[in-house]
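Participant: compute the structure for the input listed below.
(2 chains)
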Amino acid sequence: GAVVSQHPSWVICKSGTSVKIECRSLDFQATTMFWYRQFPKQSLMLMATSNEGSKATYEQGVEKDKFLINHASLTLSTLTVTSAHPEDSSFYICSATGTAGGELFFGEGSRLTVL
Amino acid sequence: AQSVTQLGSHVSVSEGALVLLRCNYSSSVPPYLFWYVQYPNQGLQLLLKYTTGATLVKGINGFEAEFKKSETSFHLTKPSAHMSDAAEYFCAVRFYNQGGKLIFGQGTELSVKP
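Facilitator: Next comes the predicted model:
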């Protein structure tokens, strides 16, 4: 099956700094990528939908200035957590699809810890 | 509103017993339905999916699920639980009238007792 890679798989940062997480589709062109966050013992909450070359569509309640999403190419989307605070500590997971309505492939997730 | 609900945040079964994890959805359009499994500190693995056609869907690791439109349900079953089945299970619904995004249920943690 298709492979989606996230990097880094885990990151620790100081409060107030920004952290960038990459999501790459390794063997297909991802026209759409989705970003989720997952708190411990909770479900995955959709943060935003990212289409290549367009501005991301954020879910209600997600701060677009806090969570910057860029999808500049068909194989890469990035999530930047700006001015991170401890409450931003979470597991961030991306998924990608090559065609509208096509199968979704998930990355392995990135665990962010903000001290 | 379109949503997905998993009944029971935690299910415990004995090894060899039937596994039943419940999922109900609410949708004004025909949904595509999925079950995923997540092991601790790992990503998601697709167990099975229903798109169209046969309503009884067989997946990996002996799991299966049946789409029942009249009950708006997509319950996950396995005849005989193994210790290795202990994990978090998520039901998900994909809405193609909303850009194809996938919405997850709350999750059910499955414990398997020896």
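Participant: check residue 107 and give its pLDDT.
Facilitator: I went with chain A, as the question did not name one. Residue A:107 carries a pLDDT score of 93 in this model.
Participant: actually chain B
Facilitator: 96.
Participant: show me the contacts for residue B:77.
Facilitator: B:18, B:19, B:20, B:21, B:63, B:64, B:65, B:66 (CB atoms under 8 Å, 6 or more residues apart in numbering or on different chains). C-betas here are computed from N, CA, C, even on glycine.
Participant: nearest spatial neighbour of the residue of chain A found nearest chain B, chain-adjacent residues omitted?
Facilitator: The minimum distance from chain A to chain B, using CB to the nearest CB, falls at residue A:108 (4.1 Å). Spatial nearest neighbour of residue A:108, excluding adjacent residues (CB to CB, 6 or more residues apart in numbering or on different chains): residue B:43 at 4.1 Å.
Participant: my read: the one you found touches residue A:107, true?
Facilitator: Yes. With contact defined as CB atoms under 8 Å, residue B:43 counts as touching residue A:107 (6.2 Å).
Participant: these two: who's more crowded?
Facilitator: residue A:107 (27 against 19; other CB atoms under 10 Å in any protein chain shown).
Participant: now that one: closest residue in space that isn't a chain neighbour?
Facilitator: residue A:6 (3.7 Å).
Participant: likewise for residue A:56?
Facilitator: Among residues not flanking residue A:56 along the chain, residue A:69 sits closest, at 4.0 Å (CB to CB, 6+ apart).
Participant: give me the beta-bridge partners of the one you found?
Facilitator: residue A:79 (DSSP bridges).
Participant: please save the CA atoms from the helix or strand where the residue nearest to residue A:107 lies in CSV.
Facilitator: Using DSSP states H and E, residue A:6 sits in strand A:4-7. Taking C-alpha atoms only, strand A:4-7 is exported to CSV below (Å, rounded to 0.1, in the frame of the first residue of the first chain):
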residue,chain,number,x,y,z
VAL,A,4,2.8,8.4,4.2
SER,A,5,5.7,9.5,6.3
GLN,A,6,5.7,12.0,9.2
HIS,A,7,8.8,13.7,10.6
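Participant: what are the buried residues along that strand?
Facilitator: A:4, A:6 (16 or more other CB atoms under 10 Å in any protein chain shown).
Participant: summarise which helices and strands the lowest-mean-pLDDT helix or strand in chain B is packed against.
Facilitator: Ranked by mean pLDDT, DSSP states H and E, the weakest helix or strand in chain B is strand B:101-104, scoring a mean of 89. On a contact count with 3 or more CB pairs under 8 Å, 6 or more residues apart in numbering or on different chains; DSSP states H and E, strand B:101-104 meets strand A:32-38, strand A:44-51, strand B:3-7, strand B:87-95.
Participant: can I get those in a markdown table including mean neighbour count and mean pLDDT?
Facilitator: Shown next, in a markdown table, are the helices and strands packed on strand B:101-104 (neighbours: other CB atoms under 10 Å in any protein chain shown; pLDDT from 0 to 100):
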| stretch | mean neighbour count | mean pLDDT |
| --- | --- | --- |
| strand A:32-38 | 25 | 94 |
| strand A:44-51 | 21 | 93 |
| strand B:3-7 | 18 | 92 |
| strand B:87-95 | 22 | 92 |
